[in-house]
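Chemist: The following comprises the amino acid sequence and a computationally predicted model.
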Amino acid sequence: MKFSIITFGCQMNVADSNWLCLALRKRGYEFTSNPDEADFVLFNTCSVRQKPEQKVYSEVGRLRSIWRKNANFFVGIGGCVAQQVGMGFFERFPYVRLVFGTDGIYMVPDVIGQLIVYPQKKISLISFEEFYPEREKVFPEKAPASVFINIMQGCDNFCAYCIVPFTRGRQKSRTKDAVLSECIEFVERGAKEIVLLGQNVNSYGQDKFGDGTSFVELLKDVAKIKGLKRLRFTTSHPKDLSKELIYLFGELDVLCPHLHLPLQVGSNKILKKMGRKYTREKYLSLVEQLRKIRPDMAFSTDLIVGFPGETRDDFEQTLDMLRLIEFENAYSFKYSDRPGTRAEKMANKVPEPEKQERLVELQELQEKITQKKYMARVGEKEEILLENVKFDSKLENRTFRGRDLWNRVVNVQIDEQTLACELVHVKIVEAKKHSLLGKVLNIL
Ligand code: 5AD
Ligand code: SF4
């Protein structure tokens, strides 16, 4: 039997889908990237922004034609939208026979068999567990160059605009042993880079599910793994970024000089209304401390425009922060109401056209900054970790995507010789709008 997986949203969802794929293949199901060929399709959904439910409904609706041709075809829906809509999916689509939340995903590979044996059966796995549900250990024979490792689930912060604490539940940390053994296994199978994942990694271990290990201790232990070349983590909350963690950027060789640190907005008034628990001054001081320890430190961020009550002056303070910090990249979004959040009930919503104008203005400014930073890289020689290197013998030269130490995307043309090697030394020859172009100097 063949299956397909369609993933929306964050890196956590990507990591979840990767695991699901491995666990299903281990049970003998065959993966296909074409849903039309599949006997069942799983969705991993996201509800952080905009109209995600509509998007999922339309994507799931498109699969109706497969079900018309094959009455045994079925769909499973996981992730944040499944957590919210739950069994509502069963009423809407006769061929949706499974819904699962983040805490239910560990049971999915086993229940697929039941859905196949009992064609009338529908299964819902959306309750939150009172423990971190460790998943079956499955590893690919050859690991990708870069792997995501989940270190925790959920979030306790309840930022006023955010739905995550409702859809992913309270923060639950994995134990250090569970995280470390997974990291070791992937590195032994060839992974060069590990990206530790969590909604708020800085508060890893500070919940009743952890084993008392702090995030700094965890990083120190992961950094010791033999063969590991690069270590990253995301996402960090500025309020929990400790001095010890800042110092670590000067201590651990494998820790990459890049930090994704969501700022959201530059106005203290709006930060307070968002419940972010830091000020612009505190954020600036974190950046300054990190740059003191690692002068080449690169930052990326998340920004929201048009939060309820945001005035033109508030917005300009966000622009001001962009100029002051000079982020390498910024992911910017228009504020959107999420059901059940505090911000949904706030007065003084910003009209849509104003949000749109602010977004365009902010993105134009950031693009100039990104361009300036990328142009400054031209001529530099640096190490690139290539992702998903595959070689098609019919083509002489192929361009592969990689990343530099600072997490910038660098596209590199490689030939048959460089094929087997994921780490290459390149010279940056061109700056594009969202990426750099590198020419291979030698294989590392
Ligand atoms: N509206 C707009 N952006 C949001 N984000 C989270 N919730 C919302 C919302 N309701 C953004 C934040 C967060 C990123 C993952 O998504 O910037 O850091
Ligand atoms: Fe959402 Fe805030 Fe938690 Fe991030 S820290 S997941 S923005 S509640």
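Modeler: In hand now; what should we look at? What you see is a predicted model, and the numbers here were worked out from it, not measured in a lab. Ligands and ions are numbered 1, 2, ... in the order given.
Chemist: that's a helix at Tyr277, yeah?
Modeler: Small correction: residue 277 is Lys, not Tyr. No - counting by DSSP: H, G, I helix; E, B strand; the rest coil, Lys277 is located in no helix; its state is coil.
Chemist: Please name the nearest non-neighbouring residue to it.
Modeler: Leaving aside its chain neighbours, Lys277 sits nearest to Lys239 (4.3 Å; criterion: Cβ to Cβ, 6 or more residues apart in numbering). The C-beta positions use only the backbone N, C-alpha and C, and glycine is treated the same way.
Chemist: Can you name the residues that contact the one you found?
Modeler: Taking Cβ atoms under 8 Å, 6 or more residues apart in numbering, we find Lys239 in contact with 276-278, 282.
Chemist: phi, psi of it?
Modeler: With angles defined as degrees, to the nearest 10, Lys239 sits at phi -70, psi -20.
Chemist: State the distance from it to Glu344.
Modeler: To Glu344, Lys239 is 23 Å away according to Cβ to Cβ, to the nearest Å.
Chemist: do the same with Ile66
Modeler: From Ile66 to Glu344 the distance is 36 Å (Cβ to Cβ).
Chemist: what's the answer for Glu310, then?
Modeler: In this view, Glu310 and Glu344 are 15 Å apart by Cβ to Cβ.
Chemist: higher neighbour count, those two?
Modeler: A direct count of neighbours by other Cβ atoms under 10 Å for Glu310 and Glu344 places Glu310 higher, at 25 against 15.
Chemist: pretty sure that one contacts Met274?
Modeler: No - applying Cβ atoms under 8 Å as the test, Glu310 and Met274 come out as separate, 10.1 Å apart.
Chemist: which residues do those two both contact?
Modeler: Val265.
Chemist: and Val131, helix, strand or coil?
Modeler: Quick fix: residue 131 is Phe, not Val. On the three-state scheme (three-state DSSP), Phe131 is labelled coil.
Chemist: any idea which element the closest residue to it other than its chain neighbours lies in?
Modeler: In this structure, Phe131 finds its nearest non-sequential neighbour in Phe209, 6.8 Å apart by Cβ to Cβ, 6+ apart. Using DSSP states H and E, Phe209 is not contained in any helix or strand.
Chemist: any idea how far Phe209 is from ligand 2?
Modeler: Relative to ligand 2, Phe209 is positioned 16 Å away (Cβ to the nearest ligand atom, to the nearest Å).
Chemist: Could you do Val96 as well?
Modeler: On the measure of Cβ to the nearest ligand atom, Val96 and ligand 2 end up 27 Å apart.
Chemist: That residue: what's it in contact with?
Modeler: So, once contact is read as Cβ under 8 Å, 6+ apart, Val96 ends up touching 60, 74-77, 89-90, 122.
Chemist: show me what contacts the residue of the stretch 201-350 of the chain found nearest ligand 2?
Modeler: Going by Cβ to the nearest ligand atom, ligand 2 is nearest to His237 of the stretch 201-350 of the chain, at 5.1 Å. Going by Cβ under 8 Å, 6+ apart, His237 touches 157, 200, 202-203, 262.
Chemist: run the last query once more with 6 Å
Modeler: 200, 202 (Cβ atoms under 6 Å, 6 or more residues apart in numbering).
Chemist: Could you measure from Leu365 over to ligand 2?
Modeler: The separation that Leu365 has from ligand 2, given Cβ to the nearest ligand atom, amounts to 23 Å.
Chemist: contacting residues around the helix or strand encompassing Gln371?
Modeler: Assigned by DSSP H and E, Gln371 falls within helix 352-375. For helix 352-375, the external contacting residues (Cβ under 6 Å, 6+ apart) are 305-306, 315, 319, 322, 326, 328, 330, 332, 334, 431, 436.
Chemist: What residues does the stretch 51-200 of the chain have near ligand 1?
Modeler: Remark: the part of the stretch 51-200 of the chain in contact with ligand 1 comprises 161-162, using Cβ under 6 Å from any ligand atom.
Chemist: what's the residue in the stretch 51-200 of the chain that ligand 1 sits nearest to sitting at in phi/psi?
Modeler: Nearest residue of the stretch 51-200 of the chain to ligand 1, counting by Cβ to the nearest ligand atom: Tyr161, 4.0 Å away. Dihedral pair for Tyr161: phi -90, psi -10, per degrees, to the nearest 10.
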